[in-house]
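Colleague: Here you go, sequence then predicted model.
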Amino acid sequence: MSANPIQPGTSVLLRGSFVFAALSAASGVMLGALSAHLPDRLFAVPGGRAMLHSAVEIQMWHALGLCLLSLNAARLSPRWIRMACLCMAIGMVLFCVPVTLLALFDLKLGPVSIGRIAPYGGTMLILAWCLAAVSALRVRPGFF
């Protein structure tokens with residue numbers, strides 16, 4: 001019997017979450033440097049630098065949060081923490097990618113700006129944090 005109470009399928013998801021978070025942090029550093037050094041004329045929309053900076057800030061904070069959640073998963077309810085990590089990864093993609101693409105390329109999906117996807121990502125991030133809270137409340141007393 002393993003000393004780790006995490007089920008085998010859960011550990012794969014949590015390892016994947018940590019890898020995703022670490023790579024998100026790495027790309028966040030690159031995008032942050034781009035945001036700081038790219039000339040204003042190369043941003044596709046007015047206020048593009050601030051927009052990209054906000055996307056990078058959200059990305060970095062949630063990358064850190066996802067790392068911490070995945071590392072502390074053994075102390076939390078497995079079912080709820082899996083959902084929290086999955087929602088956080090999806091939320092990061094749905095928020096940060098569209099905002100970045102809007103700032104740099106003013107990308108459109110047909111007649112609609114790709115930035116219209118970002119609120120769904122923000123909602124997923126909020127849900128992820130709520131699920132993380134539930135995962136802490138659902139553990140056995142004295143375990144946490």
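Modeller: That came in fine, so what should we check first? Numbering: from 1, shown residues only.
Colleague: which one's the longest helix in this structure?
Modeller: helix 8-37 (DSSP state H).
Colleague: got the phi/psi numbers for the residue nearest the centre of the chain?
Modeller: The residue lying closest to the centre of the chain (Cα atoms, centre = their mean) is residue 92, at 3.2 Å. Main-chain torsions, residue 92, degrees, to the nearest 10: phi -60, psi -40.
Colleague: quick one on the thing from earlier: need the next SSE after the longest helix of the chain, C-terminal direction.
Modeller: helix 48-71 (DSSP states H and E).
Colleague: for that following helix, what is the average pLDDT?
Modeller: For helix 48-71, the mean pLDDT works out to 97.
Colleague: next one: stretch 14-22
Modeller: Here the average pLDDT along stretch 14-22 is 96.
Colleague: swap in stretch 78-95?
Modeller: Computed over stretch 78-95, the average pLDDT equals 96.
Colleague: Can I get it in PDB, CA atoms only?
Modeller: As requested, the backbone C-alpha atoms of stretch 78-95 are provided in PDB (Å, rounded to 0.1, in the frame of the first residue of the first chain):
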ATOM      1  CA  PRO A  78      -9.600  13.900  -4.400                       C
ATOM      2  CA  ARG A  79     -12.800  14.200  -6.500                       C
ATOM      3  CA  TRP A  80     -13.200  17.900  -5.700                       C
ATOM      4  CA  ILE A  81      -9.500  18.800  -6.200                       C
ATOM      5  CA  ARG A  82      -9.500  17.100  -9.600                       C
ATOM      6  CA  MET A  83     -12.400  19.200 -10.700                       C
ATOM      7  CA  ALA A  84     -10.800  22.300  -9.300                       C
ATOM      8  CA  CYS A  85      -7.500  21.700 -11.100                       C
ATOM      9  CA  LEU A  86      -9.300  20.900 -14.400                       C
ATOM     10  CA  CYS A  87     -11.500  24.000 -14.200                       C
ATOM     11  CA  MET A  88      -8.500  26.100 -13.400                       C
ATOM     12  CA  ALA A  89      -6.500  24.900 -16.400                       C
ATOM     13  CA  ILE A  90      -9.500  25.300 -18.700                       C
ATOM     14  CA  GLY A  91     -10.300  28.700 -17.200                       C
ATOM     15  CA  MET A  92      -6.700  29.900 -17.700                       C
ATOM     16  CA  VAL A  93      -6.800  28.900 -21.400                       C
ATOM     17  CA  LEU A  94     -10.300  30.400 -22.000                       C
ATOM     18  CA  PHE A  95      -9.300  33.700 -20.300                       C
END
